[in-house]
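J.: model this:
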Amino acid sequence: MKIINELHRENRASLRQIPEPVGRTVRLLQIGDARNGIVIDEPAAEVLRSPDQLTLGEPVTYDVKIHGVFKTNGACRIEILDQKKIVSGKIADATLEAPHNVYTKALDEGAVLRVVAQPTMKDGKLHRLFITGAKLAPKRRAKA
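T.: Purely as a prediction, here's the structure:
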């Protein structure tokens, strides 16, 4: 990730063109061989393509509620429960394509999901979450 951020900072205009197909027609792009190459996934592609100064964070686990999701492209609106904030997201998990998947079931039932997501940051603030996996969160206990 550090190399992606450095490459982006140094070669911003020309690098915006490299990840063009990622997230649109493919999930990953590999530059170089399997051992030494660089893999560009959807979060890295967003950082590279953006005209804004975005950075890529480490994957984080969040408890969220889904407020909307598009099965066709994975775009979603999610509420991060600990932060009481609704943000834009992108589900980059192939299970979204399956019927009755964890994401659409959680939306239908209002259930809480525990997701693993990689954030992109803008000016030190969360810009978008790229969700790579999810399961139903354990039930929260009511506060006494």
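J.: Please give me every residue in contact with the closest residue in space to residue 65 that isn't next to it in sequence.
T.: Leaving out its chain neighbours, the residue that sits closest to residue 65 by Cβ to Cβ, 6 or more residues apart in numbering is residue 79, at 4.6 Å. Heads up, the C-betas are built off the backbone N, CA and C, glycines and all. By Cβ atoms under 8 Å, 6 or more residues apart in numbering, the contact set of residue 79 is 64, 65, 66, 67, 85, 86, 87.
J.: Can you tell me the closest non-neighbouring residue to the residue nearest to the spatial centre of the chain?
T.: Centroid-nearest residue in the chain, with Cα atoms, centre = their mean: residue 130, separated by 0.4 Å. Using Cβ to Cβ, 6+ apart and skipping residues adjacent in sequence, the residue nearest residue 130 is residue 43, 4.2 Å away.
J.: Same question for residue 76, what's its three-state structure.
T.: The three-state assignment at residue 76 reads strand, by DSSP: H, G, I helix; E, B strand; the rest coil.
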